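Student: could you look at this predicted model? Sequence included:
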Amino acid sequence: MTMNASASIQDPISSALNKKSFDVEAIRKDFPALHQQVSGHPLVYLDNGASTQKPQQVIDAVNNFYKHDYSNVHRGIHTLSQRATDHFEAARETVKRFINANSLAEVIFTSGTTNGINLVAQSYARSNLKAGDEVLVSAIEHHSNIVPWQILAEQIGIIVKVIPINEHGEILMDEYRALLSDKSKVVAVTQLSNALGTITPIKEIIDAAHAAGAVVMVDGAQAVAHTPVDVQALDCDFYAFSGHKLFGPTGIGVLYGKQVLLEAMPPYQGGGDMIKVVSFSGTEYNELPYKFEAGTPNIAGVIGLAAGIDYIERIGLDAIAEYEQDLLDYTTEQMSAIEGLRIIGTAQHKASIVSFLIDGIHASDLGTLLDHQGVAVRVGHHCAMPVMEFFGVSATTRASMAFYNNRADIDTLVKATRKAVEMLR
């Protein structure tokens, strides 16, 4: 028996999508983890910004690979290795289509967004930048799009400059343009803030960077699950995202890069699959994309990622975005009615993330009491400590929604929050 990564998509999801309205209840049936109890309460999972739950179709795709087709990929002449390789490379085709890359050579499998950004910093930037050159990062970046550039600054003496934001968590575009100069070599920016939900004007940012002669590294970890992404239309130079935020497995991600840039970059790591010939007199590196895929890859993760992409494409990211916007509006309205609650991050354009504080109550205490009522949220600095510093807080409580959440989840969140506030006060 062979496994087809998309064959496990079941008819119920199709029937749900044929209805005039977005049938969230039909979709929820595909996610086993949602149908359990926590602390004696039905689970309400609102931690999707950290990681998403997995549909049965993704679980089946990974399980079927391990049960029937497991082997290492590439170079094997036996049947299982050929099957595994076929599934692995078919997944690359799926990713290429999903982000509209120009070529399969531009789709590099990584362990996640962090790995992809580090690859760009240590391969492209370390090879092309020199002391005094500038990398611009926004003030709303995840640590994964800050620290790699700080490490590079320590290594070769580049300068990291910060693109400022306003009190709503929006990038100040005039100040960004003022920072750009002939010293600007890389602009590293998120498309969607994990801490605030801010959707950045990414195309405008990219165009301005290119006009100044800089390349652009986009952190798309949060964006790909909420909005269609077309890397050719964006004209970004690099784009990184993770599978686990895209309803796929952990430990897998993608780095897109323009082929002309990738071809000129040296390997980031050495090992199997990234070589053609090895001898003690020298090594000849493999062609793209394998030049950047050293070692045994996460084959099951790649197959699961493709299944996750297939799943959300069947629903449609435009439909997902419309549904989640309605859910965000409802959440914002209901949570704002809680006395003493302050939402951190009120950008005009934002995704389904609501980070908040309640006067006199620590986020960790609130998160613990919500968990006791079956509500899973994230508390802390969300790997965005500069954001917390800007707003003058140490932590927030973050409720982040996905398309399988519904208004009943939000009603439970509101009720549980009110109860926690009564207990803590």
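Tutor: Now that the structure is in, tell me what you want to look at.

Student: count the residues that sit near residue 58.
Tutor: Per other C-beta atoms under 10 Å, the neighbour tally for residue 58 reads 29. In this view, the C-beta of every residue, glycine as well, is placed from N, C-alpha and C.

Student: name the nearest residue to it, ignoring sequence neighbours.
Tutor: What sits nearest to residue 58 in space, not counting adjacent residues and going by C-beta to C-beta, 6 or more residues apart in numbering, is residue 307, at 4.5 Å.

Student: quick check: that neighbour touching residue 61?
Tutor: Yes: if you go by C-beta atoms under 8 Å, residue 307 and residue 61 touch, sitting 3.7 Å apart.

Student: quick check on the closest residue in space to residue 24 that isn't next to it in sequence: phi, psi?
Tutor: Spatial nearest neighbour of residue 24, excluding adjacent residues (C-beta to C-beta, 6+ apart): residue 406 at 4.9 Å. Main-chain torsions, residue 406, degrees, to the nearest 10: phi -140, psi 180.

Student: now residue 257: phi and psi?
Tutor: phi -150, psi 150.

Student: tell me how many other residues surround the nearest residue to it once chain neighbours are set aside.
Tutor: Leaving aside its sequence neighbours, residue 257 sits nearest to residue 238 (C-beta to C-beta, 6+ apart; 4.9 Å). Look at residue 238: counted by other C-beta under 10 Å, it has 26 neighbours.

Student: partner residues bridging residue 238?
Tutor: Beta-bridge pairing of residue 238 under DSSP bridges involves residue 217, residue 257.

Student: list the contacts for the spatially closest residue to residue 105 that is not a sequence neighbour?
Tutor: Leaving out its chain neighbours, the residue that sits closest to residue 105 by C-beta to C-beta, 6+ apart is residue 288, at 3.8 Å. Listed by C-beta atoms under 8 Å, 6 or more residues apart in numbering, the contact partners of residue 288 are 105, 106, 108, 259, 262, 263.

Student: residue 288 falls within a strand, correct?
Tutor: No: applying DSSP: H, G, I helix; E, B strand; the rest coil, one finds residue 288 to be coil, outside a strand.

Student: distance of it from residue 101?
Tutor: According to C-beta to C-beta, to the nearest Å, residue 288 stands 12 Å off from residue 101.

Student: ok, now residue 73?
Tutor: 20 Å.

Student: also residue 51?
Tutor: Separation of residue 51 from residue 101 (C-beta to C-beta): 25 Å.

Student: try residue 394
Tutor: Distance from residue 394 to residue 101, by C-beta to C-beta: 40 Å.

Student: spatially central residue for this protein, please.
Tutor: Geometric centre of the chain, nearest residue: residue 221, 1.6 Å, by C-alpha atoms, centre = their mean.

Student: spatially nearest residue to that residue, not counting backbone neighbours?
Tutor: residue 113 (4.1 Å).

Student: thinking the one you found is in contact with residue 148, fair?
Tutor: No: applying C-beta under 8 Å as the test, residue 113 and residue 148 come out as separate, 11.0 Å apart.

Student: all the strands of the stretch 201-350 of the chain, in order from the start?
Tutor: 215-219, 238-242, 253-257, 275-279, 282-285, 341-344 (DSSP state E, counting those that start in this stretch).

Student: same question for the stretch 51-200 of the chain.
Tutor: 107-110, 134-138, 159-163, 184-190.

Student: run through who's touching the second one.
Tutor: Contact partners of strand 134-138, identified using C-beta under 8 Å, 6+ apart, comprise 125, 129, 145-146, 149, 152-153, 158-163, 165, 171, 176, 179-181, 183-190, 200, 209, 214.

Student: over to the first one?
Tutor: Contacts of strand 107-110 from elsewhere in the structure, counted by C-beta under 8 Å, 6+ apart, are 92, 95-96, 99, 101, 116, 119, 240, 252-257, 262, 288-289, 292-293, 297-298, 302.

Student: so where's the protein uncertain?
Tutor: 1-21 (pLDDT under 70).

Student: could you chop it up by domain?
Tutor: The chain breaks down into these domains under automatic domain parsing: 11-55+316-424, 62-313.

Student: what's the spacing between the last one and its chain's center?
Tutor: On the basis of C-alpha atoms, centre = their mean, to the nearest Å, domain 62-313 is displaced by 11 Å from the centre of the chain it belongs to.

Student: and what of the shortest one?
Tutor: Distance of domain 11-55+316-424 from its chain centroid, counting by C-alpha atoms, centre = their mean, is 17 Å.

Student: so the residue nearest to residue 257 makes contact with residue 254?
Tutor: No: the criterion here is C-beta under 8 Å, and residue 238 misses it with residue 254 at 10.8 Å.

Student: where do the contact lists of the two overlap?
Tutor: residue 116.

Student: residue 250 and residue 51, how far apart?
Tutor: Taken as C-beta to C-beta, the span from residue 250 to residue 51 is 7 Å.

Student: go on, residue 407?
Tutor: Distance from residue 407 to residue 51, by C-beta to C-beta: 23 Å.

Student: neighbour-wise, which of these two wins?
Tutor: A direct count of neighbours by other C-beta under 10 Å for residue 407 and residue 51 places residue 51 higher, at 17 against 13.

Student: which non-adjacent residue is nearest the more buried one?
Tutor: Nearest non-adjacent residue to residue 51 (C-beta to C-beta, 6+ apart): residue 244, at 4.8 Å.

Student: surely that neighbour meets residue 49?
Tutor: No: assessed by C-beta under 8 Å, residue 244 is found out of contact with residue 49, at 11.4 Å.

Student: what about these two, which has more around it?
Tutor: It is residue 49, of residue 244 and residue 49, that has more neighbours when counted by other C-beta under 10 Å, with 27 against 22.

Student: report the spatially nearest residue to that one, omitting neighbours in sequence.
Tutor: Residue 49's closest residue in space is residue 400 (C-beta to C-beta, 6+ apart), at 3.4 Å.

Student: show me what contacts that neighbour?
Tutor: 46, 47, 48, 49, 50, 197, 352, 353, 354, 378.
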